[in-house]
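J.: give me coordinates for this.
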Amino acid sequence: MPERHLPLKCAATAAAVLMSAALTQGSAFAAPQTEQPPPPPEQELTPAPDQSGSIFANPANCRGKTNSPHRSTHVPNSVNVTASTTCDYAVERVMVDVKLYSSRWYGWELAENPPGPKNRYGVRSVSNNHADYDCAGVHDYLGQSYHESVIAGEVYSATTSRRTDGISCA
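T.: All right, here's what the predicted structure looks like:
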């Protein structure tokens, strides 16, 4: 008897795998995990540790920052988040990639149409934003950003995030 239900079990498993892939598609970095503490809202960009494990200071004092997700004041029924990478002086390249997530019963959902990374060359700062234009009801929102600067060929990076709970779009 159990053999008759095998195709149904296979179809259910395949559907679950496809749904999981569809929910995560399009994200430049992984969806936020609730088990780990989130990155801070602002921090200094650092290079990867060298062989000894030490990290060298960022000579241009470049910092990444994610601002609080908030209801847009210029686009009705939308939530917006901005992020920036700023240095004390012009560097070879600065970059910021920002994503906006909303809380759902199944976890964090990436808002549609993420802007992708924004690069600027020979300047000291760059900013970017991501909006959720389908805001309905009340949700928690999380902005998460990846930042980079290039100084004398060395890549410095950081990840920042900021969360705002209970944003109402009703």
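
J.: please list all residues in contact with the closest residue to Leu45 other than its chain neighbours.
T.: In space, and not counting its chain neighbours, Leu45 is closest to Tyr156: 3.8 Å by Cβ to Cβ, 6 or more residues apart in numbering. In short, each C-beta sits where N, CA and C put it, glycine included. By Cβ atoms under 8 Å, 6 or more residues apart in numbering, Tyr156 lies in contact with Leu45, Thr46, Pro47, Asn58, Cys62, Glu148, Ser149, Val150.

J.: TSV for those residues, including distance to Thr85 and neighbour count?
T.: TSV is the format used below for those (distance: Cβ to Cβ, whole Å; neighbours: other Cβ atoms under 10 Å):
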residue	distance to Thr85	neighbour count
Leu45	7	24
Thr46	13	14
Pro47	15	15
Asn58	11	21
Cys62	6	26
Glu148	7	20
Ser149	6	30
Val150	11	18
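
J.: of those residues, the lowest pLDDT goes to which?
T.: pLDDT across these is lowest for Pro47, at 83.

J.: quick one: it and Val155 touch, right?
T.: Yes: contact criterion Cβ atoms under 8 Å: Pro47 and Val155 qualify, at 6.5 Å.
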